[in-house]
Every structure is written in C-alpha cells, then in structure tokens.
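Novice: need the 3D shape of this:
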Amino acid sequence: MTEVRVVGVGMTRFGKFPDLSPKAMAAEVVAAALADAGMAPERIGAVYVSNVFAASLTGQESVRGQVWLDDTALAGVPVFNVENACASGSTAVALGRIAIAAGEVENVLVLGLERMTHPEKGRALRAMEGAMDQERLPELRRSLGLEEGQGSPFMQVYAEYARAYMERSGATQEDFASAASKNHAHGALNPRAQFRDRFSVEEILAARPVTGPLTVPMCAPIGDGAAAAVLTGATSKDAMARSVRLLSSVVGSGVRGRSEQVVTDTARRAFERAGIEPADIDVLEVHDAASPAEFIVLEELGIVAPGDAPGMIRAGETTIGGRLPVNPSGGLVSKGHPLGATGLAQVFELVEQLRGEAGDRQVEGARIAVAENAGGYLGPEPAAAAVTVLAR
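Specialist: Sure thing, here's the model as predicted:
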C-alpha cells in the first residue's frame with residue numbers, strides 16, 4: 001500500500017469565539033494547511049470534514065463540509081462528512097489515509113471544526129447526551145446518579161472512571177491535580193491553547209468542585225476551534241522535505257456491557273500496523289477530557305503496567321523534559337476540546353513536535369509520536385476510540 005505522509009497542518013487558537021463563524025474558521029485552517037504543505041488547492045482530491053454538534057447547536061446538518069468550504073479554494077472538491085463523537089477528527093484522518101493508501105486519490109485535506117459556544121448556556125452540555133444511546137438514556141442517567149435535566153452526564157462518567165481507578169490503583173485526588181497542573185503548565189507555552197494560566201496542585205484541589213474527585217481545572221472546557229491536515233501519497237522531493245509519516249491510524253468501537261478494553265484493542269492494532277512497541281514512543285497526546293483519563297490511558301496503551309501510572313506521573317516522567325512527555329500541547333484541559341477539531345489538533349501538535357518546530361514545548365529528539373482519542377458512551381466503555389501513530 002502507498003505510504004502516507006502529513007505534509008501540511010493548520011490550526012486556529014481554541015477558545016470561546018461567539019462571533020467567529022464555522023466558515024471563517026474553516027477558511028483560516030484550510031489556507032494555513034495548504035500553505036504549510038506548499039500545495040495548490042486543485043491538487044486536493046478529497047476532503048474529510050469532522051464535526052459533532054453543528055446540527056444540535058446551529059441546525060446545520062447533512063452537508064456541513066460542503067457549506068463551510070463553499071467560499072474556499074476547495075469548493076467543488078468531493079467532501080465526506082464524518083461524525084464519531086470525540087474521535088471524529090481522528091476518524092477523519094483514518095479515512096483520508098485509507099483513501100490514499102488504496103490509491104483512490106493522491107492528496108486529501110482533513111478538516112476538524114466545532115463551534116460549541118451558544119447564547120443559551122448549557123445547550124452544548126445537553127447536546128452531549130446525543131453521544132449516548134437515546135433509548136437507554138434514562139437507564140444510563142440513573143446508573144450515573146443523575147436526575148433528569150441535570151446537565152451533561154459526561155463529567156459524571158469520568159468521575160465514575162476516576163473512583164474505580166482510585167480503588168484499583170491507589171491513585172489520589174492529589175495525583176489527578178498533579179497531572180492537571182502539569183498540563184496547564186504545558187498549555188501556558190502553547191499560543192493556540194484556550195487556557196494559558198498555570199495552576200499549582202493546591203490551587204487545583206481548592207478550585208470549584210464539579211463531581212466526585214474532579215474540580216474545574218481537571219476538566220476540559222467548552223470551546224470553539226478548527227484544525228486541518230494535508231495528507232499525501234506523493235514521493236517527490238518537495239513532498240518529503242518537511243513531511244511526517246502517518247504510520248497508522250486505527251479506529252475501534254466499544255461494546256455495551258464490556259469492560260473498558262476498546263482503547264487497549266485499538267492501540268494494539270495501531271502499534272502492530274505501525275511496527276512499533278509502546279516503549280518506542282517519544283511523545284504522546286491523550287484524550288484527557290478529565291485529568292484521571294491520562295492515568296487510565298497510559299495503562300491502556302501499555303506504557304506502564306496496571307496501577308503504575310500514578311508513580312510515573314509523581315516522578316515527573318510525563319512533563320516536557322521527562323522520560324515520556326504527555327500532552328505537551330496542554331491536553332484537552334488546557335488547550336481545549338472543540339470536539340470535531342480535537343483529533344486534528346493532536347495531529348497538529350505532534351507534527352510540530354516531529355518537525356522540531358514546537359518552540360518552548362519542544363520534546364528533544366522526538367521521532368515517534370502517538371495520539372489517542374475516545375468518545376461517546378455505551379456503558380462502561382466509550383463508544384469510539386482512535387489511535388494514530390506518526391514518525392519522522
């Protein structure tokens with residue numbers, strides 16, 4: 001199969017931008033990614049567009065990508081609209097890679113975009129219930145201890161994950177605060193992060209409680225943003241110069257009632273296809289929609305044995321300069337989490353890292369990078385997971 005490379009990336013700053021339209025965000029990152037790739041728009045053979053909540057929040061359904069690209073140089077290029085909960089962006093990358101590897105097209109652009117800011121506060125939180133089985137929603141809410149109309153159940157899901165993890169590993173709320181503090185310190189170095197303030201462990205523990213062991217700085221915020229990547233199968237000297245190899249991009253699905261193994265299974269397949277082991281990874285971006293997820297994912301990916309993630313984080317091994325920097329972008333808690341854009345934002349960060357262009361966030365000598373996403377909820381597993389492996 002054709003080797004696939006990432007040759008261009010672009011990303012907006014993440015934040016709350018109620019006056020910035022999806023069309024404007026799309027135009028910004030499409031132009032940036034094409035310029036970064038040095039590629040004329042007419043060379044793009046297909047566009048994959050990831051988004052989760054446009055229908056719920058704006059009413060824009062069915063042809064989102066075609067609408068948002070209509071005023072750009074990519075108007076008229078075949079568009080594939082992709083929705084797969086928090087893993088939508090990574091899923092779009094996987095589909096773009098398949099198209100190139102199969103020889104259908106030589107170049108694709110993958111766009112992830114979300115505008116979650118809404119005049120009606122709480123609308124985005126309620127929309128998140130759409131990432132659960134609607135026929136089972138009352139049952140799922142009861143299982144999480146939530147009353148009808150109490151808001152998004154997803155932080156309650158993460159609180160339940162956190163409690164179970166604390167019981168089996170000995171992790172503490174202070175450990176979760178330490179991971180959040182580390183990620184906010186990384187985010188302070190990222191000019192595109194939604195939050196750029198540093199927080200001490202003590203400040204995070206004293207912050208407003210959300211649910212269970214979670215406080216506000218441990219949780220990803222509501223926000224807006226977009227990111228894009230140009231993928232190619234070309235082998236010209238120009239295409240190879242600043243390119244990053246896309247070794248694998250694998251998507252998995254959860255199963256109702258199954259113990260949490262979808263991330264582990266998806267990572268195993270991604271690593272096998274890429275020809276790497278967990279020990280080979282130099283830099284990692286994980287889906288920390290709440291800080292305890294970072295601990296759980298480190299173990300699900302096989303980075304450490306079950307129960308060993310707290311020790312790794314306490315030792316400072318996941319900071320920039322540590323043995324395996326995790327979330328040098330700031331992660332979702334600091335960089336932000338506009339759902340459709342999240343997977344592409346992870347790719348943006350890792351491409352910068354592998355090129356040596358991450359500035360103060362640079363992980364020295366990074367050669368192999370991995371991104372992990374998970375989203376939706378079937379109970380107790382996520383509904384979707386994705387793992388992407390990149391290499392210089």
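Novice: please, where are all the helices along the stretch 1-150 of the chain?
Specialist: 22-37, 54-58, 64-69, 88-101, 123-127, 137-143 (DSSP state H, counting those that start in this stretch).
Novice: what residues sit buried inside the fifth one?
Specialist: This points to helix 123-127. 124-125, 127 (16 or more other Cβ atoms under 10 Å). From N, CA and C alone the C-beta is placed, and that goes for glycine too.
Novice: show me what it is packed up against.
Specialist: Contacts defined by 3 or more Cβ pairs under 8 Å, 6 or more residues apart in numbering; DSSP states H and E place helix 123-127 against helix 54-58.
Novice: and if you look at the first one?
Specialist: Contact partners of helix 22-37 among helices and strands, from 3+ Cβ pairs under 8 Å, 6+ apart: strand 5-11, helix 64-69, strand 107-115, strand 224-232.
Novice: going by residue numbers, what spans are helices in the stretch 151-300 of the chain?
Specialist: Under DSSP H, counting those that start in this stretch, the stretch 151-300 of the chain gives helices at 154-169, 173-187, 201-206, 237-240, 262-274, 292-300.
Novice: buried deepest among the helices of the stretch 1-150 of the chain, which one?
Specialist: For those, the largest average neighbour count (mean count of other Cβ atoms under 10 Å) is found in helix 88-101, namely a mean of 26.
Novice: quick check: which of the helices of the stretch 1-150 of the chain is nearest to residue 186?
Specialist: helix 88-101 (19.9 Å; Cβ to Cβ).
Novice: residues near the nearest residue to residue 141 once chain neighbours are set aside, how many?
Specialist: Nearest residue to residue 141 in three dimensions, chain neighbours excluded: residue 153, at 6.0 Å (Cβ to Cβ, 6 or more residues apart in numbering). Using other Cβ atoms under 10 Å, residue 153 has 23 other residues around it.
Novice: residue 153 and residue 242, how far apart?
Specialist: From residue 153 across to residue 242, the span is 43 Å (Cβ to Cβ, to the nearest Å).
Novice: try residue 351
Specialist: From residue 351 to residue 242 the distance is 9 Å (Cβ to Cβ).
Novice: okay, now the closest residue in space to residue 99 that isn't next to it in sequence: neighbour count?
Specialist: Leaving aside its sequence neighbours, residue 99 sits nearest to residue 105 (Cβ to Cβ, 6+ apart; 5.3 Å). Other residues within reach of residue 105, judged by other Cβ under 10 Å, total 18.
Novice: swap in residue 145?
Specialist: Residue 145: 13 neighbours (other Cβ under 10 Å).
Novice: ok, it - contacts?
Specialist: Contacts for residue 145 (Cβ atoms under 8 Å, 6 or more residues apart in numbering) come out as residue 156.
Novice: rerun at 10 Å
Specialist: 153, 156, 159-160, 211-212 (Cβ atoms under 10 Å, 6 or more residues apart in numbering).
Novice: ok, now residue 352?
Specialist: 9, 11, 190, 244, 328-329, 358-359, 361-362, 366, 369.
Novice: from these, list just the buried residues.
Specialist: 9, 11, 190, 244, 328-329, 358, 361-362, 366, 369.
Novice: okay, and which of those map to strands?
Specialist: Counting by DSSP state E, the buried ones among the contacts of residue 352 place 9, 11, 244, 369 in strands.
Novice: roughly how far does the third one sit from residue 212?
Specialist: Using Cβ to Cβ, residue 244 is found at 38 Å from residue 212.
Novice: please apply the same query to the first one.
Specialist: As defined by Cβ to Cβ, residue 9 lies at a distance of 36 Å from residue 212.
Novice: I would like the residues contacting the helix-or-strand element of the chain with minimal mean pLDDT, please.
Specialist: Least confident helix or strand of the chain, by mean pLDDT, DSSP states H and E, is helix 237-240 with a mean of 72. Residues outside helix 237-240 that contact it (Cβ under 10 Å, 6+ apart): 5, 7, 37-39, 106-107, 230, 232-234.
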